[in-house]
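Participant: heads up, no residue letters with this:
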């Protein structure tokens with residue numbers, strides 16, 4: 001939208017100097033003496049599908065402009081020359097990487113003059129201010145020359161600061177107002193498929209702020225939808241993303257943020273309400289076919305993890321007209337059935353179950369503190385009735401369901417939940433005991449490699465893997481390098497049933513389209529992109545290095561609890577962690593993910609992780625066993641200087657295996673903490689033998705199947 005403020009900027013000494021030299025490390029001070037200029041247009045040298053240039057000026061920090069390549073640029077146009085004094089930029093993933101960039105200005109949009117050159121701080125996703133002496137221009141261009149992790153240019157929002165050269169005359173001083181609405185104020189029986197319109201007294205300017213026009217239901221929840229302004233700019237239409245609810249009251253609010261073409265703002269907001277029709281209310285949900293187990297009574301229910309809204313008691317009151325709701329990823333309900341009993345399944349009736357798909361995890365516990373996941377998946381999105389989620393019979397007193405949002409928003413909403421099992425006070429033995437170690441004469445094979453693609457080289461790596469007949473395959477991110485998983489899934493079809501994966505930057509960080517991560521989760525039946533599983537006497541933890549991972553994130557909480565449980569389990573002899581972006585790496589294409597390293601390496605030390613599998617750099621690297629160096633994390637503490645054979649060493653061995661199929665990256669020197677490193681296609685094979693006490697790692701080359709590196713750990 002167009003909004004221009006007129007505030008004089010105090011004179012400062014810098015204004016009388018020539019343009020500054022290149023600044024390598026600017027001071028990020030918030031500019032407060034200039035005005036935010038209205039931007040009339042924006043163009044870019046290129047844009048990733050789903051992340052266009054307009055996202056950088058939509059006043060929405062949850063969207064972004066992105067383009068791959070050194071020298072990617074975005075240019076804003078003010079339609080007229082302005083006095084410009086600075087630029088504020090919110091960098092996407094600005095707290096995880098530093099971006100190198102140049103700001104230049106132009107009168108004609110062809111010849112640009114550099115006014116600032118430097119890099120972002122790498123410490124915040126908020127706005128950073130880049131100040132320079134006042135200059136007159138109509139266009140401002142930001143050219144991004146990669147970042148400290150990759151070659152992507154990604155900007156969440158741009159604000160240009162300055163002043164009008166002259167304040168234009170304005171003979172129109174009459175503010176606009178709303179003269180008509182549909183549905184009208186107080187209307188009832190409104191169709192649930194209706195759009196909502198408002199007509200103004202005169203043409204108005206378009207706007208992008210999501211708070212100017214809002215629609216909320218009786219519970220105060222905002223309704224998602226799209227806004228469109230008519231050709232004559234006098235009528236705005238809101239089209240809900242999905243049908244409105246039956247027998248529901250809605251309130252529409254238009255704030256004074258609406259301006260007419262002359263820049264006059266509405267002097268008073270407009271608010272009105274209406275109610276939808278009763279419709280054909282569906283019959284109350286009924287349970288699926290007869291449950292083979294008995295419904296267990298719940299003595300207590302609690303909630304956690306999100307912002308409470310409607311209490312947990314409503315999820316067990318046998319009233320499908322009420323519900324439990326809580327906002328925030330990781331919102332959970334914990335049901336206490338009084339004492340340990342055999343539990344065999346859960347039945348859940350989801351609120352608005354036909355309109356959205358909820359992602360969730362079911363965990364069980366004997367003490368209400370340490371939970372073990374028994375089910376991870378999604379609701380069907382096709383019924384308001386009960387859905388049953390089966391899992392192997394297990395003995396527990398507590399059942400927890402953790403909801404990680406749905407396909408529309410991050411709310412968790414359940415109408416009713418029931419636990420089914422054996423009500424006997426003496427539960428039957430748990431039929432799913434800890435994994436049984438393989439017999440001494442058997443060898444378990446695990447294959448691991450990342451950075452695949454759908455190339456002929458990736459096919460060679462797959463053939464190499466298949467020859468070793470693994471029982472588990474770990475795909476360490478950057479999988480199809482396409483806008484769908486399809487070609488990669490077709491490639492790995494011989495091993496898909498035994499494959500587990502982690503998200504890479506080509507799926508998550510720069511995924512195109514934005515729904516690509518969800519496509520992978522759906523194909524593998526996962527509710528979240530971080531998860532764990534046991535196979536025989538090995539515990540695997542798969543993390544996502546491309547999303548929020550700090551100590552306050554749901555992912556960190558999950559990882560910490562998961563590792564604590566695994567390390568305390570006497571049946572688990574090995575703990576292996578996998579993710580995409582490496583914590584430690586030799587000098588090559590991509591630097592290490594330092595924030596991830598500083599957050600998780602101490603955790604890995606604490607809970608006795610054995611191996612850490614990574615990718616992202618397209619080469620092979622193996623470290624010595626090493627622990628975290630709190631004084632200088634870039635120099636880990638090597639616990640054993642042996643090169644190949646280890647006896648239960650302290651710390652972890654870190655491996656980079658980005659060698660499945662994408663072009664290899666040159667190594668520009670050897671890391672002091674690495675035993676071996678080289679550039680060659682192939683995969684890492686882990687062999688577990690001798691009653692699960694010996695682990696042998698071998699890198700098999702795709703060239704001739706030869707072993708290029710190997711090591712052994714004995715416990």
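Facilitator: Sure, I can see it. From a predicted model like this one, the values you see are computed outputs, not experimental measurements.
Participant: ranges for the strands of the stretch 601-715 of the chain?
Facilitator: Ranges of strands in the stretch 601-715 of the chain, per DSSP state E, counting those that start in this stretch, are 611-614, 620-623, 626-627, 637-638, 645-647, 653-657, 674-678, 682-689, 694-701, 707-714.
Participant: need the per-residue pLDDT for the spatially most central residue of the chain.
Facilitator: With distances taken as CA atoms, centre = their mean, residue 547 lies nearest the centre of the chain, 4.4 Å away. With respect to pLDDT, residue 547 scores 89.
Participant: also residue 10?
Facilitator: Looking at residue 10, its pLDDT is 32.
Participant: how about the helices in the stretch 351-500 of the chain?
Facilitator: Along the stretch 351-500 of the chain, counting by DSSP state H, counting those that start in this stretch, helices occupy 456-467, 486-491.
Participant: out of those, flag the one nearest residue 173.
Facilitator: Nearest to residue 173 among these is helix 486-491 (59.0 Å), distances taken as CB to CB. To be clear about C-beta, it is placed using only N, CA and C from the backbone, and glycine gets the same treatment.
Participant: can you give me the buried ones in that closest one?
Facilitator: 487-489, 491 (16 or more other CB atoms under 10 Å).
Participant: quick revisit: reformat the strands of the stretch 601-715 of the chain as JSON lines; add mean pLDDT and mean neighbour count.
Facilitator: Listed next are these as JSON lines, based on pLDDT from 0 to 100; neighbours: other CB atoms under 10 Å:
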{"stretch": "strand 611-614", "mean pLDDT": "98", "mean neighbour count": "26"}
{"stretch": "strand 620-623", "mean pLDDT": "97", "mean neighbour count": "25"}
{"stretch": "strand 626-627", "mean pLDDT": "96", "mean neighbour count": "20"}
{"stretch": "strand 637-638", "mean pLDDT": "96", "mean neighbour count": "18"}
{"stretch": "strand 645-647", "mean pLDDT": "95", "mean neighbour count": "14"}
{"stretch": "strand 653-657", "mean pLDDT": "98", "mean neighbour count": "27"}
{"stretch": "strand 674-678", "mean pLDDT": "97", "mean neighbour count": "18"}
{"stretch": "strand 682-689", "mean pLDDT": "95", "mean neighbour count": "22"}
{"stretch": "strand 694-701", "mean pLDDT": "96", "mean neighbour count": "20"}
{"stretch": "strand 707-714", "mean pLDDT": "96", "mean neighbour count": "17"}
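Participant: now the ones you listed as TSV including distance to residue 274?
Facilitator: Below are these laid out as TSV (distance: least, CB to CB, whole Å):
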stretch	distance to residue 274
strand 611-614	55
strand 620-623	63
strand 626-627	64
strand 637-638	66
strand 645-647	71
strand 653-657	59
strand 674-678	67
strand 682-689	61
strand 694-701	66
strand 707-714	68
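Participant: what does stretch 694-709 rub up against?
Facilitator: Here stretch 694-709 makes contact (CB atoms under 8 Å, 6 or more residues apart in numbering) with 457, 460-461, 464, 467-468, 574, 610-611, 620, 622, 653, 655, 657, 676, 678, 680-689, 710-715.
Participant: what's the closest of the buried residues of helix 486-491 to residue 64?
Facilitator: residue 488 (25.1 Å).
Participant: residue ranges in the stretch 201-350 of the chain under the pLDDT threshold?
Facilitator: Residue ranges of the stretch 201-350 of the chain with pLDDT under 70: 278-290, 306-309.
Participant: residue ranges of the strands in it, please?
Facilitator: Using DSSP E, counting those that start in this stretch, strands in the stretch 201-350 of the chain cover 213-217, 225-229, 235-240, 249-254, 270-276, 294-296, 300-304, 307-310, 324-327, 331-350.
Participant: domains in this protein, by residue range?
Facilitator: If you go by automatic domain parsing, the domain ranges for the chain are 13-164, 178-276, 294-422, 444-714.
Participant: let's have these in JSON lines, adding distance to residue 172.
Facilitator: Listed next are these as JSON lines, based on distance: least, CB to CB, whole Å:
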{"stretch": "domain 13-164", "distance to residue 172": "17"}
{"stretch": "domain 178-276", "distance to residue 172": "4"}
{"stretch": "domain 294-422", "distance to residue 172": "40"}
{"stretch": "domain 444-714", "distance to residue 172": "41"}
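Participant: residue 151 is in contact with residue 67, isn't it?
Facilitator: No - Residue 151 is beyond contact range of residue 67, at 9.6 Å (criterion: CB atoms under 8 Å).
Participant: more neighbours, the two?
Facilitator: Shown here are residue 151 and residue 67; by other CB atoms under 10 Å, residue 67 has more neighbours (23 against 17).
Participant: is that one bridged to anything, and to what?
Facilitator: Taking DSSP bridges as the rule, residue 67 bridges to residue 153.
Participant: what sits against it?
Facilitator: 44-48, 152-153.
Participant: of those, which belong to strands?
Facilitator: Among the contacts of residue 67, the members falling in strands (DSSP state E) are 44, 152-153.
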